[in-house]
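>>> Would you be able to build a 3D model of this:
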Amino acid sequence: MRENKRIIRVLVVVSLMFLALLTYLLYFNMFEAKEVASNPYNKRQWEDEKYVKRGNIFDINGVLLAETVVDGDNRIRKYPMGKLYSHVIGYCSKVYGKSQLEMAYDDQLLGKGDIAISFNELRSGYDLNLTIDNELQRYAYNQLDGRRGAVVAMDPQTGKILAMVSLPDFDPTAANLEKNWNTIVEREDSPLLARSTLGLYPPGSTYKIVTAAAAYANGRTNETFEDNGVFEKEDVTVYNYGKQKHGTLNMKEAFEVSSNYVFCTLGYELGAETVRQEAEAFGINKEISFDIPTAKSQIQYKKMSNIDAALVSIGQGQLLMTPLHVAMMGSAVANKGTMMRPVLVDKVKTSSGITLSQSKPEILYNCVTEECAAYVDELMCAVVSQGTGKSARISGVTVAGKTGTAENETDQDHAWFVGYAPAENPQICVAVLLENDGGAGGTNAAPIARNVMRKYLGK
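Next comes the predicted model:
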């Protein structure tokens with residue numbers, strides 16, 4: 001009898017172990033297998049590529065941005081534009097895997113789903129046509145002039161990315177990447193960081209766009225404020241830029257001069273919950289569906305107080321945003337309150353030119369009402385025509401915008417600008433970040449945005 005009990009116990013233990021193993025295998029096949037199979041470090045993927053000529057990548061006008069050259073048994077990935085798309089297309093290395101579009105669209109670039117006519121036949125992967133205009137991309141790159149930062153230009157009505165530049169960058173070719181990897185990863189300026197999509201920064205006064213929208217929604221637009229140059233509540237002191245005292249201001253004037261006193265006061269009085277709700281209406285604390293990895297813009301407070309709300313309302317405190325999201329924030333106002341999902345890949349095509357998929361405009365969030373967007377648009381136009389954003393003016397074109405100068409953990413402020421044109425029928429919205437620039441957004445970032453908009457509009 002005792003022997004039977006032992007046998008039963010062993011059988012139970014073995015059965016439980018078998019059940020656990022079966023459960024794990026089922027879970028792995030259902031939820032993990034695809035991710036592991038598509039992992040860029042999975043060596044089996046390179047076996048698949050022996051019989052594939054990886055697809056090409058083109059800009060919106062058919063300019064070649066990436067191609068694979070077949071040299072015997074070797075597949076050499078080339079990037080004709082050099083570093084220009086290192087943070088968009090990424091790299092493709094047997095040693096360090098893949099990144100950006102090379103990783104996100106790996107299945108398409110390998111033409112997975114196609115059936116070769118015979119074994120060991122070299123077949124072609126699918127091609128990608130991006131929404132980016134290579135000429136505008138190059139122009140935006142040159143406008144940064146080697147400075148750390150990012151430029152994001154997009155069509156506010158469709159969400160299509162027109163240009164997206166991050167600096168510093170790197171040579172994405174596999175040979176150079178593998179030769180210089182240790183040097184690249186050890187650099188203090190982080191050249192592998194795609195600042196436009198993965199860099200998180202306090203947005204500074206560009207975020208007053210959202211606070212102005214909250215003021216409109218809560219009936220605070222007809223008030224006047226006595227700006228003595230400093231906001232003081234509890235243990236927090238916030239000065240206006242340059243410690244300027246602006247005196248009596250209405251909302252429009254406060255937005256034009258970018259009064260920290262007024263917008264801190266608004267945030268404090270609107271309260272933490274209202275400020276958080278307005279932020280989330282613009283996509284803060286939410287994931288953004290995009291063609292390449294994107295960091296989540298966020299308010300990092302575990303519990304937000306009214307004084308925290310005051311800091312967030314001027315784009316400081318624990319608020320962090322990506323340059324892409326700042327461009328989307330401006331685009332939402334330009335698009336009558338509707339934020340479109342950003343798009344980088346316009347088409348996926350076979351090597352023979354057959355279109356397999358094409359992007360379509362997709363609403364991401366209805367951030368504010370059309371009336372509210374029109375109000376904020378009026379404020380942003382005034383910033384450029386007579387406020388802190390005069391450097392963004394374009395002759396014969398109405399430009400709307402907002403400057404920003406954001407404090408951070410260093411003593412060198414970030415310089416920001418976001419704007420769109422023509423304000424009557426916006427065709428392009430541009431966000432510019434100059435990381436640790438030390439200057440004002442209106443002085444240093446606005447002229448870059450102006451030039452990119454002017455280039456795109458043919459002015």
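>>> Tell me where the stretch 301-450 of the chain is predicted with low confidence.
Filtered on pLDDT under 70, the stretch 301-450 of the chain yields no residues whatsoever.
>>> cutoff 90 now
Within the stretch 301-450 of the chain, the segments meeting pLDDT under 90 span 302, 351-353, 407-411, 438-439.
>>> Run through the strands of it in chain order.
In the stretch 301-450 of the chain, the strands defined using DSSP state E, counting those that start in this stretch lie at 319-320, 338-340, 345-349, 355-358, 363-366, 400-406, 414-421, 428-434.
>>> nearest to Thr197, of these?
Nearest to Thr197 among these is strand 428-434 (11.7 Å), distances taken as Cβ to Cβ. Heads up, the C-betas are built off the backbone N, CA and C, glycines and all.
>>> List the contacts of the residue lying closest to Glu362 once chain neighbours are set aside.
Nearest residue to Glu362 in three dimensions, chain neighbours excluded: Arg341, at 4.4 Å (Cβ to Cβ, 6 or more residues apart in numbering). Applying Cβ atoms under 8 Å, 6 or more residues apart in numbering to Arg341 gives the contacts Gly159, Ile288, Ser289, Phe290, Glu362, Ile363, Leu364.
>>> list the contacts for the third one?
Contact analysis of Ser289 by Cβ under 8 Å, 6+ apart lists Arg341, Leu364.
>>> quick one: secondary structure of it?
Taken by DSSP: H, G, I helix; E, B strand; the rest coil, the conformation at Ser289 corresponds to coil.
>>> was I right about Asp346 contacting Asp155?
No. Assessed by Cβ atoms under 8 Å, Asp346 is found out of contact with Asp155, at 11.2 Å.
>>> Break down the stretch 101-250 of the chain into its helices, ranges please.
For the stretch 101-250 of the chain, applying DSSP state H, counting those that start in this stretch gives helices covering 106-109, 134-144, 174-186, 195-198, 208-217.
>>> and those as TSV, adding mean pLDDT?
Compiled in TSV, the helices of the stretch 101-250 of the chain are given as follows (pLDDT from 0 to 100):
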stretch	mean pLDDT
helix 106-109	95
helix 134-144	98
helix 174-186	95
helix 195-198	98
helix 208-217	97
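>>> In TSV, list these along with mean neighbour count and distance to Phe255.
Below are the helices of the stretch 101-250 of the chain laid out as TSV (neighbours: other Cβ atoms under 10 Å; distance: least, Cβ to Cβ, whole Å):
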stretch	mean neighbour count	distance to Phe255
helix 106-109	21	44
helix 134-144	19	26
helix 174-186	13	42
helix 195-198	25	26
helix 208-217	26	6
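>>> Would you mind giving the ones you listed as TSV with distance to Thr23 added?
Converted to TSV, the helices of the stretch 101-250 of the chain look like this (distance: least, Cβ to Cβ, whole Å):
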stretch	distance to Thr23
helix 106-109	28
helix 134-144	49
helix 174-186	39
helix 195-198	36
helix 208-217	46
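>>> sorry, back to before: any chance of the strands of the stretch 301-450 of the chain in a markdown table with mean neighbour count and distance to Ala446 as columns?
Converted to a markdown table, the strands of the stretch 301-450 of the chain look like this (neighbours: other Cβ under 10 Å; distance: least, Cβ to Cβ, whole Å):
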| stretch | mean neighbour count | distance to Ala446 |
| --- | --- | --- |
| strand 319-320 | 24 | 21 |
| strand 338-340 | 22 | 23 |
| strand 345-349 | 20 | 29 |
| strand 355-358 | 12 | 35 |
| strand 363-366 | 15 | 26 |
| strand 400-406 | 31 | 6 |
| strand 414-421 | 31 | 4 |
| strand 428-434 | 31 | 8 |
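>>> Can you add distance to Asp377 and give these back as CSV?
Output for those, formatted as CSV (distance: least, Cβ to Cβ, whole Å):
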stretch, distance to Asp377
strand 319-320, 23
strand 338-340, 13
strand 345-349, 28
strand 355-358, 31
strand 363-366, 16
strand 400-406, 6
strand 414-421, 9
strand 428-434, 12
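>>> looking at the ones you listed, which is closest to Val257?
strand 400-406 (10.2 Å).
>>> Tell me which stretches of the stretch 51-200 of the chain form strands.
With DSSP E, counting those that start in this stretch as the criterion, the stretch 51-200 of the chain has strands spanning 52-53, 57-58, 64-71, 74-78, 92-93, 97-98, 123-124, 127-130, 149-154, 161-167.
>>> mean pLDDT for the ones you listed: which is lowest?
Among the strands of the stretch 51-200 of the chain, strand 123-124 carries the lowest mean pLDDT, a mean of 86.
>>> which other helices and strands contact that one?
On a contact count with 3 or more Cβ pairs under 8 Å, 6 or more residues apart in numbering; DSSP states H and E, strand 123-124 meets strand 52-53.
>>> circling back to that earlier point, out of the helices of the stretch 101-250 of the chain, which is closest to Pro323?
helix 195-198 (4.9 Å).
>>> Can you give the distance of that closest one from its chain's centre?
Relative to the chain's own centre, helix 195-198 is displaced by 5 Å; criterion: Cα atoms, centre = their mean, to the nearest Å.
>>> again with stretch 49-58
27 Å.
>>> Next, the contact list for Gln316, please.
With Cβ under 8 Å, 6+ apart, Gln316 has these contacts: Pro202, Gly204, Val238, Ala406, Glu407.
>>> before we move on, back to that, and which of the contacts of Arg341 is nearest to Asp189?
Scanning the contacts of Arg341 for proximity to Asp189, where the rule is Cβ to Cβ, the winner is Phe290, at 24.2 Å.
>>> For Thr338, see how far away the closest one is.
17 Å (Cβ to Cβ, to the nearest Å).
>>> What of Gly315?
Distance from Gly315 to Thr338, by Cβ to Cβ: 22 Å.
>>> ok, now which ones touch Val376?
Counting by Cβ under 8 Å, 6+ apart, Val376 has contacts Ile209, Ala212, Ala213, Tyr216, Val333, Val368.
>>> what residues are up against the second one?
With contact set as Cβ under 8 Å, 6+ apart, Ala212 has these partners: Met251, Phe255, Tyr375, Val376, Leu379.
>>> what's the average pLDDT for the helix or strand hosting Arg6?
If you go by DSSP states H and E, Arg6 is part of helix 2-27. Taken as a whole, helix 2-27 carries a mean pLDDT of 70.
>>> ok, now stretch 245-265?
In the prediction, stretch 245-265 has an average pLDDT of 96.
>>> What's the end-to-end length of that stretch?
15 Å (Cα to Cα, to the nearest Å).
>>> if we look at that stretch, which residues are touching it?
By Cβ under 8 Å, 6+ apart, the list of residues contacting stretch 245-265 reads 205, 208, 211-212, 215, 220-231, 233, 238-241, 244, 310-311, 313-314, 378-380, 382-383, 386-388, 402-404.
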